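[1] Got a sequence here, can you build the structure:
(chains A and B)
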Amino acid sequence: GENVEQHPSTLSVQEGDSAVIKCTYSDSASNYFPWYKQELGKGPQLIIDIRSNVGEKKDQRIAVTLNKTAKHFSLHITETQPEDSAVYFCAASLMDTGRRALTFGSGTRLQVQP
Amino acid sequence: NAGVTQTPKFRVLKTGQSMTLLCAQDMNHEYMYWYRQDPGMGLRLIHYSVGEGTTAKGEVPDGYNVSRLKKQNFLLGLESAAPSQTSVYFCASTIQRTGAYNSPLHFGNGTRLTVT
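    Predicted structure coming up:
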């Protein structure tokens, strides 16, 4: 099955700096790569996703890049703000199968220092 | 719009006791999932359902059972709880659209279970 590795496990940045979280996946058939943000006491919430036929996607201060050849994808957050502090999870899935279940990375705790 | 609701929010069990976690969604979603979240391990899939009356095993199904008698509800049962089942449990749902990629998982806020 799919295996997703995520680094770093913790990341501390100063407000206004950029943050980068990296993930690698094992199954070359995976074709959907979402990122989730989890705030304390809440369930994960989708913040951005990318399909395998796209190399980069942006949404305001966040962007995701995908390198299919190397089987890795990254989340980039620019101009970080204290409200970006949370746990971030990457995930991978093969969306053409009936299961459509996501395999998650182990998570990155991002702390933005004011 | 409530989305995905999980009950209870917290529970403490003794080893060997049984319990059922309830997940309810009001979005008419076809697919439902149970994940467990443990420190440093992300979210791991326990069981899932692709429609009313169907269930299937995920990555870590041992010690759990599920039922999907109604489309809007997905129940997770622990028949004989063990300390290794101490975790935070999340239910999620999504709509099924053939070939659609933009149907995100909607998560509940979790059930924190402690088995002593």
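[2] The nearest residue to residue B:79 once chain neighbours are set aside: what's it in contact with?
    Nearest non-adjacent residue to residue B:79, counting by C-beta to C-beta, 6 or more residues apart in numbering or on different chains: residue B:18, 5.3 Å away. The way it works is simple: take the backbone N, C-alpha and C, and place the C-beta from them, glycine included. If a contact means C-beta atoms under 8 Å, 6 or more residues apart in numbering or on different chains, then residue B:18 has B:77, B:78, B:79, B:80, B:81 as its contacts.
[3] how much space between the closest residue to the fourth one other than its chain neighbours and residue B:65?
    With C-beta to C-beta, 6+ apart as the criterion, residue B:80 has its nearest non-adjacent residue at 5.4 Å, and that residue is residue B:16. When distance is defined by C-beta to C-beta, to the nearest Å, residue B:16 is 16 Å away from residue B:65.
[4] Show me which of those two is the more surrounded one.
    residue B:65 (14 against 10; other C-beta atoms under 10 Å in any protein chain shown).
[5] which residues does the more buried one bridge with?
    Note on residue B:65: beta-bridge partners by DSSP bridges are residue B:77.
[6] circling back to that earlier point, and the contacts of residue B:18, which of them are buried?
    B:78, B:81 (16 or more other C-beta atoms under 10 Å in any protein chain shown).
[7] Among the contacts of residue B:18, which has the minimum pLDDT value?
    On pLDDT alone, residue B:79 ranks lowest of the contacts of residue B:18, at 92.
[8] Surely that residue and residue B:85 touch.
    No - at 10.6 Å, residue B:79 does not count as touching residue B:85 under the criterion of C-beta atoms under 8 Å.
[9] Got the phi and psi for the residue nearest to residue B:79?
    In terms of degrees, to the nearest 10, the main-chain angles of residue B:18 are phi -120, psi 160.
[10] is it true that residue A:45 touches residue A:37?
    Yes - look at residue A:45 against residue A:37 with C-beta under 8 Å: they come within range, at 5.5 Å.
[11] just the strands in chain B please.
    Using DSSP state E, the strands assigned to chain B run over residues B:4-7, B:10-13, B:19-25, B:31-37, B:43-49, B:56-57, B:64-67, B:73-78, B:87-94, B:106-107, B:111-115.
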